[in-house]
Every structure is written in C-alpha cells, then in structure tokens.
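Asker: Prediction below, plus the sequence it came from.
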Number of protein chains: 4
Amino acid sequence: MIKAGIIGATGYVGGELARLLNYHPQAEVAVLASRSGDGGLYGAVARNFKHTDYVCCGDKIEEVAEKCDVVFLALPHGEAVKTVTESVLKKTKIIDLGADFRLKDVAVYEKWYQTEHTAKNLLDEAVYGLCEINRESVKNARIVANPGCYTTCSILSFYPLLKEGIIDAESIIIDAKSGVSGAGKSPDNLYCDTNENFKAYKIASHRHTPEIEEQLSYAADEEVVLTFTPHLVPMNRGILATGYARLKKNVDYTEVKGVYEKYYGKEYFVRLMDEGVFPETKWVRGSNFTDIGFALDERTNRIVVVGALDNIVKGAAGQAIQNMNILFGADEKTGLDYVPMSI
Amino acid sequence: MIKAGIIGATGYVGGELARLLNYHPQAEVAVLASRSGDGGLYGAVARNFKHTDYVCCGDKIEEVAEKCDVVFLALPHGEAVKTVTESVLKKTKIIDLGADFRLKDVAVYEKWYQTEHTAKNLLDEAVYGLCEINRESVKNARIVANPGCYTTCSILSFYPLLKEGIIDAESIIIDAKSGVSGAGKSPDNLYCDTNENFKAYKIASHRHTPEIEEQLSYAADEEVVLTFTPHLVPMNRGILATGYARLKKNVDYTEVKGVYEKYYGKEYFVRLMDEGVFPETKWVRGSNFTDIGFALDERTNRIVVVGALDNIVKGAAGQAIQNMNILFGADEKTGLDYVPMSI
Amino acid sequence: MIKAGIIGATGYVGGELARLLNYHPQAEVAVLASRSGDGGLYGAVARNFKHTDYVCCGDKIEEVAEKCDVVFLALPHGEAVKTVTESVLKKTKIIDLGADFRLKDVAVYEKWYQTEHTAKNLLDEAVYGLCEINRESVKNARIVANPGCYTTCSILSFYPLLKEGIIDAESIIIDAKSGVSGAGKSPDNLYCDTNENFKAYKIASHRHTPEIEEQLSYAADEEVVLTFTPHLVPMNRGILATGYARLKKNVDYTEVKGVYEKYYGKEYFVRLMDEGVFPETKWVRGSNFTDIGFALDERTNRIVVVGALDNIVKGAAGQAIQNMNILFGADEKTGLDYVPMSI
Amino acid sequence: MIKAGIIGATGYVGGELARLLNYHPQAEVAVLASRSGDGGLYGAVARNFKHTDYVCCGDKIEEVAEKCDVVFLALPHGEAVKTVTESVLKKTKIIDLGADFRLKDVAVYEKWYQTEHTAKNLLDEAVYGLCEINRESVKNARIVANPGCYTTCSILSFYPLLKEGIIDAESIIIDAKSGVSGAGKSPDNLYCDTNENFKAYKIASHRHTPEIEEQLSYAADEEVVLTFTPHLVPMNRGILATGYARLKKNVDYTEVKGVYEKYYGKEYFVRLMDEGVFPETKWVRGSNFTDIGFALDERTNRIVVVGALDNIVKGAAGQAIQNMNILFGADEKTGLDYVPMSI
C-alpha cells in the first residue's frame, strides 16, 4: 500500500483527496494534516468522514514526510516553496496542488505572482503533472507540480490543435467558467452574493494564463499569447472552457476529430464527444474525466472547442492521484474509475 | 460475479443503480433495459457512461430475467405487479424499488393507491427491505420491496424510540424535506418553477404515510397513526426528516442516545451524531449513510429527531444494492463504502 | 415627503429598505448610514444603486436623527438599545428591525439573549409592529419593534386559530424553513457549504421562539409554549413555516377558513389560499404578502397550517415600511404594492 | 391611461409584462390572453397575482385589439406573422416580443428560421425596438419588433466600438451566458438536469446571431460576421455576454471609456462601470438596466467587453414597456425605474 499524506486536509481539495484515497485499493491515507490539526477526529471537522477513525494532526512537513511515501500539498500559493526542501524530498515524493512549481520561467512566475521564487533549484526538477501529456516525465519525478483546474481543461482542449498546426497560435481566446469550489473557502463567496449570479473576474489578469501559455507554447513550438477570461458559475463543481481560434488549414469536422483521436483516442480520462454533442459539467461531476467537443464555425473560419471537467477531481485531487499512480507504477485509473454522478 | 439487471435504466434511480454497480467488486451490470431501449449505447442517453460500452435494450422481463441473478425494477408505481410473475421468480431474484410490494395490508394499499392490487399472493411473500431492521428476512426472499426514500429516513429515525416505548405513539409528526430527484423526470419540476422556491405538497395525503405507519406499528406493537408532510427543497439530492414526539418517560439525552446505540451502534450505514450536532444532507450526499441526531425540548417535553440520507442512494439505489448484498451473502457494504461527497 | 434614514444601510436588510423606499411615492431616502460610511457613493458598495447619487455616511444616531422623520435601525441584536435615547426620540421616530425591543418580558429577553437589557423604560413604550394585529398601537408609537421574519410568518399563521380557541395551545409545533439572506452576511454561509444542502439549526433554542410565544399567548389569553425548529434552505429569499396543532373543536374546512377570513378577509397583505392550495415562497418573492393555506388531517385530528413570506420584505424591510406608513398616516400599501416576482 | 393587452400572458415573459404593467402609473392591464384562457382568474394560474381580480381570456387577436391601445405579443416564433394583420393594426399598436419582425433581410430570416416569412410587407415597416439606438424610429411605428435578450446585451456592448471604428469588425466573438428563464417553460429544462450544470448549446447556430450581425452591420457600416456561443447558467434570470475583438486603433482605457460615454452617457438604462469593475447579473436583476464594463488586454491587443442585463426585463418585457413609453410619448423610464433586486 502506498502511504499517502495530505497537508491542507481541511480545505475543499484536501477533503477531496481524502475522499478519493479512502477507497483507493493500492493506497491508504497515512496522515491528514492541517495548520490547526491537533490530533482530534477528522470526522468532527469534515463530517462526511464521521464513520472513520482518521485524525487530523499538525502540518509539520518533516514529521509528515517521515510517515509517507507521497505527500500531497493542498496549500495556498506561496506555501509550498517554503515547505519543500531537499531534506523532505529525501523522505518522500511531493505532489504539489498549488502554483509554486508549475511555471518553468521564473521571471514569468515573479511577474504574475508578484513575489520572489525562493526555490529556483527545485523548480528546475519539478515536473508539470498534466498526465496525458507528461506522463513519461512524471514517472521519475521527486516533485510533481499538479496543474491548475482552468489550465488542465484549457490545455487539453487546444493541445492537439497546436501540435498539428491547425490553428493560428495568435488567435486563441479562452472563455472559461468555474463552479465556486475552485475559489476555496473564501469569504468572498457568501451564498447570497454568489447564488443566482454570474460574473467574470480577473479579466486579462488571471494567474492561470501564463501556465496555459507556457504549456501551449511547448505544443505549438512557438510562443502562444492568448486571452483568458474566467467566470464564476453558481454551482459547486465543474469547469467548462469555451475556446476559440482561427483555422489555419482548410479542414473539415472529420479531419479535426481525427487529430483529437490521434492524441486522446487511447486516453481513458479524455472522452471525445460525437459530432453535434458538447460537454456539460454534469456528465463529468465527481469523476476524473475531461470531455471535449468542438464545432467548426464555417461562417467565420473559426473552431469552437468546449472542454469540461470537475475542477476538484481532474482539476485538482483526481489528477493528483493519477500522478501518484504514475509515480508508483500503478494503473493510472486505479481508484479513479468512477462513473460521473450526473445528478 | 452477481449478474444484475436494471429495468427502468434511464430514470434517475436506474442510472444511479448502474453507476454504483459499475464499480461493485462482486457484481456486474448484465442488462440495462428501458421501454425505449433498442440496443443502442447507454452512454448516448446517459452521457456520464460515455466511456463504457453498455447498451440499453428493451424491457421484456422474461428475457432480462434469463440473463440475471437479480433484477432491479425502477418503474413507476403499478408497473411491478404487472411485471413480476411466478415464471420470472423461477429465473431470478427481484428487488422492486417501487411501492407495489411494500404494504402488507392490501386494503391500505388499495385505499392510498386507488387501484386494485393484482398480485396479492406475491405480496405475502415479499420482504420489506429496510436492511437495518429486516435483514434476516431479506436473506431468503425472492422479492424484496425496497423502501421509499422518505420512509427509510422516517422509520430509522423513530424505530428505536418506539421499540423502547420512549415516546407517545399518537404524538408523532414528521416534517420531511426532499431534493428534487425524488420526483423523477417530471415536467412538474421545471428549473425556473423549482429553483429559488420552497413548498409543501400532498399534505396529509402522501403515499409514504401508510408505509411509515405500518412499519412503525410493528416496532411499537400498537397502531401508529401520524402526520406526515413532505416538502420540496431546491437541490438535486437529499432528504432531511425532522420528527417530533412527546416523551412518555422521564429521560435525559444520554439515556436516549443509549437507546439509539442499542439499535444502531453496530450498523455501518447509520451514523449517530454527537450531542448538539444535527445531520445535514451534504454530509451524506452520494453515500448510503443515514445520519441521525436529536434534541430534547425540555420546555415542551418533546423529542426532536433529525434524520438525513441521500434519497437516491440509501433512499433507493444504494439500499437496493445493500439488499442485493444480503441476498447473495456478500458483506453489506460491498460496493457501497463511499465517503459522502460533501461538496 | 417623509424623510427616512437607514442605519446599517450596507447589510441585506438595509439595502432592501433603500430599494423599496427609493420608489416610495411619499418618502425619500434622506440618510444612508453605516459604521464604515465615509460619504462615498452608496452605489460603489451596493452596485444595484450605481445609477443613483446616494452617499453613505457614518452612523452617528444624533446626526442622522436630526435629518430624518423616521430612522430605521438595521443593526445586530444588542446595538439598538445603545443607540436609541430620549434625546434621539425627541427628534425622530424609530423603527428597529432588530430584537432589542420586541419582548415585553425583560426576564425572557435576558434569558434568551444572555445579556442585560439596558433600556427597560423604552421597552415599555415600544410597540410590537406586527401591522395586521397591532396597527392601532403603532399609530402613536415613538419606537416600533419590527417583528422577526420567522415570527411574522408563525404568528400570522396561528393567530386566528388561537383567538377563536380552535386549537390546543399546548400542542403547537412550528417547523420553519428560511432562505439564506435571513442570516445576513455571515461567513458561516459560504456558497459551497450552503448550496445543495439542507439542515436544521438551533433546535429548541432559536431566539424567535419566545417572541412567537409571547404574541401567541396574548392571542390565546393563556400561556403558549411551543416547539420551534428553524431550517436553512439553499435559496436567497423566502420563509415557509409549516405549523401543526391538535384541534380542540370538531370543525370542518369551511369553518376554519371562515375563522381566517374573519381576521384577514380585509387584510391586503395576507392572502388566503383556496382549499387544496398551499403557499410556495416564489409566489411572495420580493413582495410584502403573507400567504396562508391549511389542511385538516382527519386521521390525526390535527390542523397543518402553511405560511409563506419573503423574509427580507414582509419579514423585515417591507413590514418596517408598512409600519412607517401607519406612523405617518399613509395608506399601508403605499410603496409596497408590488406583484411578487415569481421567477 | 394606456390600455395594454398581453397575448401569451401565462408564459414567463407574459407574466413579467403583467407584473411590470400592474404598477405602471400611466398604463393599465386591459387584457390578459392565452390560448387556454377561458375567463377564469389569472391569479389561479399565476399565483403571484392571487390578490388581483385579473382574468385570463382567449387569445383572439381581433377581440383583444378592440380593447387595447397596444398589444404585446409574447408568443413562440412564427406565431406573430399569423396574428398581425392590417386590420389589427388599424385598431392597435403591436409590440412583438418574438423574432418574426426583427430581421430586415427576408432571406436571412428564412435561412435561419427554416420557414417562409408570410408577412413581408409588414416586415418592411416594423421597427427594431432597441430603444437606445432606434428610439426616433420607434415613435411612429405601428409594429415594434422587440429585440432578443442575447441580442440587446450583445449589440449594446459593441455598438459604440463599431460606430467609432475602434475594433476590427471581423474579429468579434461573443460568448454569452443566460439564466434558464430565457428558454421559457420547456421540458428540456427539468430541475435536476439543469441545476449544478453548465453547458454551451447551439454553437455557431443560434438564431440570435443574424439579428446581432444585422444591427452591428448598420453600426459598422460594413458587414459584420461574428461567432456567437450561448451557454446555460443554473439561475433563473440574467444574461452576461463576454465579447472579444481586436483593437484597430491604439487606444487607452480613457479613450474607450469616452466612446462609451459619447453614446450612453445620457442613457438612463445603460450604466457604465468604473475601471476595473465588471458587471454581474445580480446588480441588474429585476431591472431594466444594462451594465457594461470593459478591459483592454494589452498583451493580445484585444478589448474584452462585458455586458449584463436581466433577460426577461431589459431582454424582453422591460424593453417592450420602454418601447410602449416611447410610442405613447411617456418618459421612457415610467414604470421601469426600479432599483435592481440584488439578492
């Protein structure tokens, strides 16, 4: 059994990691840790775990690392760089669900996060854990930088199109919509202020933008600069990203579908929709799937790509466990092979 | 592997049965059937199953029974009596999720359902499948009448109190609230008419009333007649039942808690809340748990009991699978041991 | 024009007062005040007011009172007693939307609110502003104690039944359900923790209990002690109270309907449902109406009464304006005569 | 008093027209008509009108026209062309809330609606009632074609930019999101299938596309062809349209803001957001306002425009009443001057 630890266990993502690991046939929850953890019952805080005897302890990384084969960090951005050290990495693997190790370009990181990166050496070795694209590199990583939720959805939607040079790399616009759990337990999202409301936020300034650009630039083999707009949907879970780009080639639906199949035809966790069918967040809820559909807008020579995933599963905890499976040589879908909970 | 069939596979409950059985380690989905099933892909209708190769066939019971060790009927009330015959029962076990076999008293059935019961002989042998109370009888049943959602929640809440004679059997009031999936795919529940709305319905006339009364009368060993009011909550899943009764005995919190522990202390799927904590539907969502908490209202000498469950899991598909586990000698929690999905 | 001031203008109730007063033909918003008000635009905080030139100033009561004929206090419980003084009352009328002046019995107040009441003399003269019952007393009041939301709904539902001695005063149970705005801007109600969830809270201990009991005791002319259970519904607005009581007399539907008509037949803001029809919160949303329906449960000799209102209109800001209309001799429905916004 | 009739009074839009007209100081609801109307109480169907004595009669246009100065048609697309005749127009003004008279180009109509237009002569004289742009033409119209909801939001967002030649007319993408009431009472939108779900639909094929294009082409004085993607948001009301276009000129925020102010600075019902502030649907709910904000994405040389309105007020019933006010010489904001209901 893989002994897994979770630091930040009382947040939404930490709780989801615990929920999924609880039923994982090859892993066990060895440590649940949070800043305020004092050894009391985890089920007293996260009452969905009422029937378990898990406890929640303090979050001293050295102590956690000692007991675990892998430690998931579900912390606010900026915390992981302070937590992960060479000494820790001698004891355990790290899967970081925050942003600290995602961007390779330190200058870009420091510009968008407005803070100095204090672990540049580790940044070099960290592997960007978008499993469908980077699984080979993940296998031997000591630090996996688990991608962001918007990011995973956006990159998977556009990756084949850029790899195959089908679209104009300068023309990409991503209009993304997220359920509220993506924001964590923030007092900005009181029920009455969020319910029955729809809004855009951080227009042209959201920190997932450079992450998407960096990865898509690798795919395009040229610099990709794009417009990214996140929106908040009054629902708990789910991301839907609607992407737009100009077609560079004269292609029809079948050809483009073929391109997607080339990259994802054998990917269990990417489901390609049939023609005329588009993803909906309910069809992936609670699961690790990313659904992708597209249409060609002949009138404007654009492609419209729609991707959907569950932001705290494939967009966070699920992909982190998929990375764990890769790290430890398990089948990638172990403990993740759930049918989405459509209602 | 237990070969399981589902008739009515495209409804909410049928879909939930398929979802849960898909990951059940000792069962497999052998047949998915619906009235309009024509052998096409199930995932084309229920797109959460897009990654599977399940097909959906027609619902001829004889053909389904031939291929299955157990057949789940997720049909409108009144359909099961027409479907289940001696011939069918020779081929397979039946777990009926409708109301046709739940009430032992035919006169009560015919009064509340306003229709003649056409399978009275089978009614006699059908076992009421409230697992925590009737598991011994379920073991050898040919027909299991799976309890209603409101019913399961209400009975489990009051059963120990009546068994131990703590409350006045004439004083029971159950004020119950359900998520919308309980009503099935009914055009009565359009989004805009249901969202941001709360209402009571079928006051003093809901058909789960006699079902609760019959079972609680067995527990009380006297006739229980009670007031039951269902309400509709703008959410997909979950039932919360708030029950009221006069205390007959001079008891304190600890004594009453002891009574609940006597009956449920070893029940995996019943979780008793700590003093001052009351169930919330989110803590059981997607799971087979029933959470129960209570308070004593000293000023009025009443007990207030709160029970919560997921109406399509413990209130339907989950308990049906729990019954299947009992029927086939598997551990009751096999394939059902999920941590609730709290968000 | 009546010059109206609002202290606590940036809360949900304060904002609703401003919204309704803005279109009131005989009143004007003279002062919007809040603790953090600094003379900046109100529409910069409450962006629904973006098109107005209202400013939000500090909340010094003496200064506000100077400019207003009436001041609405939308403050946390315990603040009004510190704010209202003889000097203030010389300048303006006070309509307090908090609990400080609602209970006549100081001992009851101090027991339930766990604090000393520091303005007992004013408590004596404050008038309980449930308009349909107390309008005569309100006319000449200096301080109107505007009733709570649960309270208004509960009292209006039971008042005629107790006045006419139809029900057993000891048998009353009120199972009430509220939208989330009733809790104000509390971090307890984050979106993801509240959405898709239903729960009871403060069982047998909610502070609206003694308020309901005091008023219903006046109606019954005997002491009423009852069980009250509040619940939280995942929606912004609306209260639905389901009440239960034993019938003392042998009455039929028509007789009971006649009793309701005796008290409410001429009340514009109380709408009595037809037989078999029960209130839903959407039918009163955004309006000052209270809808009441009932059924007789012959099997148990109980009456089930259902009342519904919008918790921040009739349950707070609307009734406060209705009280203002009474205080200043305007038609009660002035500025309040809106058709509910059913979707 | 303007005597107003509503045909299609029991739909969402018809009900909203009745709700708003009920409090309009210069108009009265003279006729409420629907296909199934039989003279019974309107409040028995639309229970928010329970306190009124409105009746709902049959929908024979000649009879309705006889009694009204203006008749609002809230009918499915294709019905108005059959209803409006020269004879009817001799008796009354028509404000059509459907699509039949919106497109001037018959060929475009017939292509997108897949049906012959049977009232081409009337099409010529019908005036497109986007008040802020066409009010002069509306004044003397006999038929006003009330714009669609997505359309109003999209056109108002882009109109000044195209008039002033700031953006590339070929580069426009509109990613729009609507609450569910926009779809009317359709069984496609059952609660459980819509709640907690987000999806795109009719990608590159929604019928509002040519309507937006036609009007924006007038503004640009060249043909505008754009990509339009509608999405469904799990909420009752509200549209938010996020628009993207390439900047043709080297402009800064202040210059663009100046352009918007040139066109909307004196428009009561268009509110321009301050820099860094973007519209949210809750800030316009229940009101006739359109809020517009924008950001310049310097990295990509694009403008991102966000518009928001209430789809059944400014997007339907409210704008229709605004058109009525124009037709009858009343101040445009008469009966519409409500502060949005932010919660």
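Answerer: Good, I have the coordinates.
Asker: C-alpha only now, for contacts and for neighbours.
Answerer: Will do.
Asker: quick one: the helix or strand bottoming out on mean pLDDT in chain A to chain centroid distance?
Answerer: Least confident element among the helices and strands of chain A, by mean pLDDT, DSSP states H and E: helix A:120-125 (a mean of 90). Chain-centre distance of helix A:120-125: 20 Å, with Cα atoms, centre = their mean, to the nearest Å.
Asker: before we move on, what about stretch A:306-325?
Answerer: For stretch A:306-325, the separation from the chain centroid amounts to 5 Å (computed by Cα atoms, centre = their mean).
Asker: contacting residues around the nearest residue to A:Ser181 once chain neighbours are set aside?
Answerer: Nearest residue to A:Ser181 in three dimensions, chain neighbours excluded: A:Asn236, at 5.4 Å (Cα to Cα, 6 or more residues apart in numbering or on different chains). For A:Asn236, the contact set (Cα atoms under 8 Å, 6 or more residues apart in numbering or on different chains) comprises A:Gly179, A:Val180, A:Ser181, B:Ile343, C:Tyr191, C:Cys192, C:Asn195, D:Glu196.
Asker: for the residue of the stretch 101-250 of chain A found nearest chain B, helix, strand, or coil?
Answerer: Of all residues in the stretch 101-250 of chain A, A:Asn236 sits closest to chain B, at 6.4 Å by Cα to the nearest Cα. In terms of secondary structure, A:Asn236 is coil; the call rests on DSSP: H, G, I helix; E, B strand; the rest coil.
Asker: circling back to that earlier point, okay if I get the contacts of A:Asn236 as TSV plus neighbour count and distance to C:His231?
Answerer: TSV is the format used below for the contacts of A:Asn236 (neighbours: other Cα atoms under 10 Å in any protein chain shown; distance: Cα to Cα, whole Å):
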residue	neighbour count	distance to C:His231
A:Gly179	24	25
A:Val180	25	23
A:Ser181	25	23
B:Ile343	22	19
C:Tyr191	26	16
C:Cys192	29	17
C:Asn195	24	14
D:Glu196	26	22
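Asker: For A:Glu255, which three-state class applies?
Answerer: Recorded secondary structure, A:Glu255: helix (three-state DSSP).
Asker: Can you get me a residue count around it?
Answerer: 11 (other Cα atoms under 10 Å in any protein chain shown).
Asker: OK, contacts around A:Cys153?
Answerer: Contacts of A:Cys153 by Cα under 8 Å, 6+ apart are A:Ile239, A:Leu240, A:Ala241, A:Thr290, A:Gly307, A:Ala308, A:Leu309, A:Gly315.
Asker: Give me the contact list for the next helix or strand after the least confident helix or strand of chain A.
Answerer: Using DSSP states H and E, the helix or strand that follows helix A:120-125 in sequence is strand A:127-128. Residues outside strand A:127-128 that contact it (Cα under 8 Å, 6+ apart): A:Phe101, A:Arg102, A:Asn134, A:Ser137, A:Val138, A:Ala141, A:Ile143, A:Val144, A:Ala145, A:Asn146, A:Pro147.
Asker: any idea of the mean pLDDT for strand A:127-128?
Answerer: Averaged over strand A:127-128, pLDDT sits at 98.
Asker: now that we're looking at A:Thr52, how far away is chain B from it?
Answerer: Distance, A:Thr52 to chain B, by Cα to the nearest Cα, to the nearest Å: 9 Å.
Asker: And that residue, what's its pLDDT?
Answerer: As predicted, A:Thr52 sits at a pLDDT of 97.
Asker: Neighbours of the nearest residue to it once chain neighbours are set aside, how many?
Answerer: With Cα to Cα, 6+ apart as the criterion, A:Thr52 has its nearest non-adjacent residue at 6.7 Å, and that residue is A:Gly43. For A:Gly43, the neighbour count with other Cα under 10 Å is 16.
Asker: what comes into contact with stretch A:60-68?
Answerer: A:2-5, A:30-31, A:33, A:71, A:83-84, A:88, A:91-92.
Asker: now swap in stretch A:175-182 and tell me
Answerer: Stretch A:175-182 is contacted from outside by A:12, A:149-150, A:189, A:228-243, A:311-312, B:343, C:191-192, D:175, using Cα under 8 Å, 6+ apart.
Asker: Please flag which of the residues you listed sit within helices.
Answerer: Secondary structure assignment by DSSP state H places A:Tyr12, A:Cys149, A:Tyr150, C:Tyr191, C:Cys192 of those in helices.
Asker: check contacts around the second one.
Answerer: Translated: A:Cys149. Here A:Cys149 is in contact with A:Gly182, A:Ile239, A:Asn311, A:Ile312, A:Lys314, A:Gly315, A:Ala316 (Cα under 8 Å, 6+ apart).
Asker: Quick check, pLDDT for the nearest residue to the fifth one once chain neighbours are set aside.
Answerer: Setting aside the residues directly before and after it, A:Lys314 is nearest to A:Asn288 in space (Cα to Cα, 6+ apart), at 4.5 Å. On the pLDDT scale, A:Asn288 is placed at 98.
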